[in-house]
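Peer 1: The sequence and its predicted three-dimensional model are supplied below.
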Amino acid sequence: MKLKSITAATLLFLAGAWLASEANADTLFESGAKWSYYKGNDHPSGGDLEWAEPDFDDSDWPSGASPIRYGDGNGGTVIGDMRNTYSTMFFRRTFTVANPAQISALDLLVDYDDGFVVWINGEQVLDVGGSADFSHDSFASISHESGNVETFALANPGQYLVDGKNLIAIMGFNINLTSSDFMMDAELRSYRPDKSPPKVVSLNPPPGNVSLLREITVRFDEQVTGVDADDLWLNGDPAVQLRGGNKSWTFTFAPGDFGEATLSWNAPAQSDGRRHRRRHAPLPHR
């Protein structure tokens, strides 16, 4: 079979946060950071969301390094009096952003048990198993075990980030009063558009005659993130598996009798908030 000739060295990915250079990623605060916290024996602002606003006075709240937890995990701040006493925790901390208009995406990485809701500068941006009722004695709507860091995309960061100091507030929920564990640990990363998008520098197998075409390894000229199996298509069908990292990614395709094979980037799709989905961008021919 023959793979159509491709000028890999001149291939450019279309601009967008879906394929981000590591050089354009910033950590706004790290896992293990210190948080101000309030135990849910009562509500810190009488039942309303004033506590999630930047100008709320939390000077009398204790503070401690995350993870803030009991029953699971290691290190951080242990809250030994939560079980059988209160079901919620309130968390606040600030972070600094320069030129927020240039930030195209935010990722919140969280290790948690059981549910939580997030506000940035008073605007709710994420709900993962939180309660519809933000009272201090409410419970999580899901049961979730900690131990794995999960990544959540925060859509439209330009709508709520401000230049300089920003405030993130998290309300954590336990599944019930008798739960044997609780955990909250978070990290926030921002991404800026890449003014010099990554280039493909090589394909393996290279363009030309090949005896078997099940996998194609694409090597970029810099580290990239946000790559999915369905980013690369072969004769109009997306790859079924992806492995790799940093500069080198290998796409696996379903078996088939391709004859003459053509590679292209993903066909049109709608934006999903975290990643700007690709427009059709065929790889150029020699």
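Peer 2: Right, received. Where do you want to start? Numbering: from 1, shown residues only.

Peer 1: and residue 255, what pLDDT?
Peer 2: Residue 255 carries a pLDDT value of 85.

Peer 1: Name the nearest residue to it, sequence neighbours excluded.
Peer 2: Of all residues not flanking residue 255 in the chain, residue 214 sits nearest, at 6.5 Å (CB to CB, 6 or more residues apart in numbering). Using the backbone N, CA and C atoms, a C-beta is placed for each residue, glycine as well.

Peer 1: Same check on residue 184?
Peer 2: Excluding the flanking residues, the one nearest residue 184 by CB to CB, 6+ apart is residue 172, at 4.7 Å.

Peer 1: same thing with residue 188?
Peer 2: Leaving out its chain neighbours, the residue that sits closest to residue 188 by CB to CB, 6+ apart is residue 28, at 4.3 Å.

Peer 1: any idea which helix or strand carries the one you found?
Peer 2: Per DSSP states H and E, residue 28 falls inside strand 25-29.

Peer 1: Show me what that strand pairs with in its sheet, parallel or antiparallel.
Peer 2: Using DSSP bridges, the strands paired with strand 25-29 are strand 182-191 (antiparallel).

Peer 1: What average pLDDT does the partner strand get?
Peer 2: Mean predicted confidence for strand 182-191 is 96.

Peer 1: what do you get for stretch 163-179?
Peer 2: Rounded mean pLDDT across stretch 163-179 is 98.

Peer 1: Which residues are in contact with the residue nearest to residue 188?
Peer 2: If a contact means CB atoms under 8 Å, 6 or more residues apart in numbering, then residue 28 has 95-97, 188-190 as its contacts.

Peer 1: please redo it, this time with the cut-off set to 7 Å
Peer 2: Residue 28 sits next to 95, 97, 188-190 when contact means CB atoms under 7 Å, 6 or more residues apart in numbering.

Peer 1: Check residue 238 too.
Peer 2: Residues counted as contacts of residue 238 (CB under 7 Å, 6+ apart) are 229-230, 266.

Peer 1: what about 6 Å?
Peer 2: residue 230 (CB atoms under 6 Å, 6 or more residues apart in numbering).

Peer 1: and the strand holding residue 28, C-alpha only, in CSV?
Peer 2: What follows is strand 25-29, C-alpha atoms only, in CSV (Å, rounded to 0.1, in the frame of the first residue of the first chain):
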residue,chain,number,x,y,z
ALA,A,25,1.4,26.4,30.7
ASP,A,26,1.7,28.1,34.1
THR,A,27,0.9,26.7,37.6
LEU,A,28,-1.1,29.3,39.5
PHE,A,29,-1.0,27.3,42.7
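
Peer 1: buried ones in that strand?
Peer 2: 28-29 (16 or more other CB atoms under 10 Å).

Peer 1: Next secondary structure after it?
Peer 2: Per DSSP H and E, the first helix or strand lying C-terminal to strand 25-29 is strand 34-39.

Peer 1: Just the buried residues of that following strand, please?
Peer 2: Buried-residue list, strand 34-39, by 16+ other CB under 10 Å: 35-39.

Peer 1: Just grab the bridge partners of the nearest residue to residue 93 once chain neighbours are set aside for me.
Peer 2: The spatial neighbour of residue 93 that comes closest, neighbours along the chain excluded (CB to CB, 6+ apart), is residue 35 at 4.8 Å. With DSSP bridges as the criterion, residue 35 is bridged to residue 64.
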